[in-house]
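Colleague: Kindly return the folded structure for what I paste below:
(4 chains)
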There are 2 protein chains.
Amino acid sequence: MNLKQLSELLGLSQTTVSRALNGYPEVNEATRERVLQAVKETGYRPNKAAQRLATGKAGSIGLVMPTAPDHYSDVHFGEFLTGLGEEAVRHDFHFVIMPADPNDEVGALRRLAISGNVDALFVAYMRAHDPRLPMLKSLSMPFLVHGRSIGSEPDYPYLDIDNEAAFYDAARLLLQLGHTRFALLNGPGHLDFAIRRKNGLVAALAERGLSLPEDCMSHTSMTDELGQSAMERFLQMPERPTAILCSSTVLALGAIRAVNQAGLKLGEDISLIAHDDVLPHLKPENFSVPLTTTRSSLRAAGVRIAQRLIGTVKQDGPFPEQELWKTELIVRASTGPAPRQDQNLGGV
Amino acid sequence: MNLKQLSELLGLSQTTVSRALNGYPEVNEATRERVLQAVKETGYRPNKAAQRLATGKAGSIGLVMPTAPDHYSDVHFGEFLTGLGEEAVRHDFHFVIMPADPNDEVGALRRLAISGNVDALFVAYMRAHDPRLPMLKSLSMPFLVHGRSIGSEPDYPYLDIDNEAAFYDAARLLLQLGHTRFALLNGPGHLDFAIRRKNGLVAALAERGLSLPEDCMSHTSMTDELGQSAMERFLQMPERPTAILCSSTVLALGAIRAVNQAGLKLGEDISLIAHDDVLPHLKPENFSVPLTTTRSSLRAAGVRIAQRLIGTVKQDGPFPEQELWKTELIVRASTGPAPRQDQNLGGV
DNA sequence: TGCTTTTGTCAAAGCGCTTTGGAACGGCGT
DNA sequence: ACGCCGTTCCAAAGCGCTTTGACAAAAGCA
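Modeller: Next up, the predicted model:
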């Protein structure tokens, strides 16, 4: 069934049917109803390829999936993708996923853009001074970045969470509880979110005249194994930290294992706050000691990004704007007052 | 730059240029060279949408991404997707990913098929008597399944690994080492691969007159946490198993944690063989006690599936066939002779 | 030489949609 | 009665490609 057949069946022109379907105002409401009814009965579906050719819009958004032979397909990416997908499917959009070596993301993105089968681009895993940004700007194709790029002019459309504030607030809570020795279990050091979280923590410490020693920072991929080994190192320090900030519940999973194996009590000997991306199978409230977290749903971010990107493409409208989400600081049992000996030793 | 302009530039007809580009035989080699040269110089790229409309081929394959609010975006899926993607990008194909609740996979698949923006479908996570199979067969659209569906007529195109043989062989190795008490850490019980792996193990045991008690089987999602808790249960049994078969290195990760925490030695007190999907960040040789595994690369399967599916679509050729990969049994340090007390008690 | 094949090329007809530029129609004011 | 609008619809022109059917030119064959 195609438009022509449908219009003949209705005794209308293709024009009118097309307009009825696409919500144009110049068609009589009664006529539109008839058309819609016929569509239901016949199960007519417009041919995507024809629509694309006619409108010049592909109805799809492109993204680069970081992947190399040794690259871990991480849960955060999957979770985010799910959000994107949920929204996309509602609008009959789809993605073109271009797998690419993380070292060639610029190239991959450019290839995607000129391939002509996407209307818009999405990028994530932002770094400081990210080289993709100037490229994207030169492209005259809508794009939206998840995160930001420290060191770049902030004149590009993005959706980000306020990482700095999140870890600043988390650190302040721990400071108020009397902690003075902090450690940071962070994501890869070149990524923007990791830099900002570190900055947030450092800023909060600086207000109290404290600083974060180099050996109390760990920058790794966010897997539980790496969380565990980093935490083990922290615990072996002569003056071990009592307050841990952690960039992911996945890292926290490993870290807590290390705490337990060291015979220490989470929430008593060690206080820990993790950032919670709301990964479905890793709920902070289900940890044996429920986790205090800074929370912001990765999946929700995916949905929102898809919304904005699709909106932009559909109405050929203004490029999407900047959006900064606050995280929620949710206090559970993994944080508590600094242990006694710490209070004795501690302070400024 | 479009075909028309290019052909005018060359003083040829659109027909000839198109044919030269698409490798048709009826064009002079010298002419083809000229065309190719011009393409290089002008950077001409055929418009995808127009090609689609003209050929009726979308150049994309569809797949359903299982996702629900509580569904874990698992690493196995990501890893497989990476393989698919690598191959797809080589042929300028892309996927349409339709996220769907695992309970509505049939519906999602159908919607994908009639949406008209895919040429072929791919399905995974096969179950026994999988309801998607009859639906797919009725669809007259090429498809390929990863895995098989026990209980269904095996008349559909698939790529699978020989799960039964894998675990049969693994079990035999352990039997030869003198083990008699086995346990199975398996994936979700409704999935085909899990059923077959269990069958393989049971068959090997039966040859020795042994059987697998119900409480020595665990069927769960393949996360390390669940691997750990299941293993803990096994270890608390009065006559605890000494030989463990494990459906994923992710499960094994947790299981081994349980072994260590129980103060037992892997490869001495407990022998363990895991199936290794070759996840980049979970290499069995990097475990503190290197893991004996049955190996088959998930990513390679992705590549192969993309190859076959794309091949089928491109030449409109025969539907793809059936393919069964053998796994490799790779012996490392996590397997050893059954401990003494077991040999005394044990045997047929 | 005259005939049929083969080779290399072309003009034109789609593919199924959107969109432009009218046209028909009835109601309105004058 | 006339012209003028606003509404509702239409015919036809693309969008950029592939493919069919035809046709010269070159080649093969008797």
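Colleague: Please count neighbours and contacts with C-alpha atoms only from this point.
Modeller: Fine.
Colleague: so where do the strands sit in the stretch 1-150 of chain A?
Modeller: A:60-66, A:94-100, A:120-123, A:143-146 (DSSP state E, counting those that start in this stretch).
Colleague: count of residues packed around A:Ala100?
Modeller: Per other Cα atoms under 10 Å in any protein chain shown, the neighbour tally for A:Ala100 reads 22.
Colleague: any idea of the pLDDT on it?
Modeller: Predicted confidence (pLDDT) for A:Ala100: 82.
Colleague: for A:Val96, same thing?
Modeller: Looking at A:Val96, its pLDDT reads 80.
Colleague: Give the closest residue to it in space, chain neighbours not counted.
Modeller: Among residues not flanking A:Val96 along the chain, A:Gly62 sits closest, at 4.7 Å (Cα to Cα, 6 or more residues apart in numbering or on different chains).
Colleague: pretty sure the one you found contacts A:Leu112?
Modeller: Yes. A:Gly62 lies in contact with A:Leu112 (Cα atoms under 8 Å); the separation is 6.8 Å.
Colleague: quick one: common contacting residues for these two?
Modeller: Common neighbours of A:Gly62 and A:Leu112 are listed as A:98, A:118 (criterion: Cα atoms under 8 Å, 6 or more residues apart in numbering or on different chains).
Colleague: coming back round to it: export the strands of the stretch 1-150 of chain A to TSV and append columns for distance to B:His76.
Modeller: Formatted as TSV, these follow (distance: least, Cα to Cα, whole Å):
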stretch	distance to B:His76
strand A:60-66	15
strand A:94-100	16
strand A:120-123	23
strand A:143-146	24
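Colleague: nearest to B:Ala262, of those strands?
Modeller: With Cα to Cα as the criterion, B:Ala262 lies closest to strand A:60-66 of the strands of the stretch 1-150 of chain A, at 38.6 Å.
Colleague: now the angle from the closest one to strand B:94-100?
Modeller: What separates the directions of strand A:60-66 and strand B:94-100 is an angle of 90 degrees, with axes from the mean of the first three to the mean of the last three Cα atoms, to 10 degrees.
Colleague: Show the contacting residues for the residue nearest to A:Arg148 when sequence neighbours are not counted.
Modeller: Distance criterion Cα to Cα, 6+ apart; nearest residue to A:Arg148, sequence neighbours excluded, is A:Met126 at 6.1 Å. Applying Cα under 8 Å, 6+ apart, one finds that A:Met126 lies in contact with A:145-149, A:191-193.
Colleague: just the buried members of the residues you listed?
Modeller: Burial by neighbour count, judged by 16 or more other Cα atoms under 10 Å in any protein chain shown, picks out A:145-149, A:191-193 from these.
Colleague: Which of those sits closest to B:Arg332?
Modeller: Closest to B:Arg332, out of all of the buried ones among the contacts of A:Met126 and judged by Cα to Cα, is A:Leu191, at 36.8 Å.
Colleague: From DNA strand C, how far out is that closest one?
Modeller: Distance of A:Leu191 to DNA strand C, computed by Cα to the nearest atom of the strand, to the nearest Å: 40 Å.
Colleague: separation between that residue and chain B?
Modeller: Distance of A:Leu191 to chain B, given as Cα to the nearest Cα, to the nearest Å: 19 Å.
Colleague: shaky segments in the stretch 1-150 of chain A?
Modeller: Across the stretch 1-150 of chain A, the ranges flagged by pLDDT under 70 are A:68-73.
Colleague: Close to chain B: what parts of it are there?
Modeller: Residues of the stretch 1-150 of chain A lying close to chain B by Cα under 8 Å from any Cα of the partner chain are A:45, A:47-50, A:52-53, A:58, A:67, A:69-75, A:78-79, A:82, A:85-86, A:89, A:94-99, A:115-117.
Colleague: out of those, which touch DNA strand C?
Modeller: Restricting the residues of the stretch 1-150 of chain A next to chain B to those near DNA strand C by Cα under 7 Å from any atom of the strand leaves A:45, A:47-48, A:50, A:53.
Colleague: Among the residues of the stretch 1-150 of chain A next to chain B, name the buried ones.
Modeller: Neighbour counting by 16+ other Cα under 10 Å classes A:47-50, A:52-53, A:58, A:67, A:72-75, A:78-79, A:82, A:85-86, A:89, A:94-99, A:116-117 among these as buried.
Colleague: ok, and which of these reach DNA strand D?
Modeller: Near DNA strand D, by the rule Cα under 7 Å from any atom of the strand, you find A:50, A:53 out of these.
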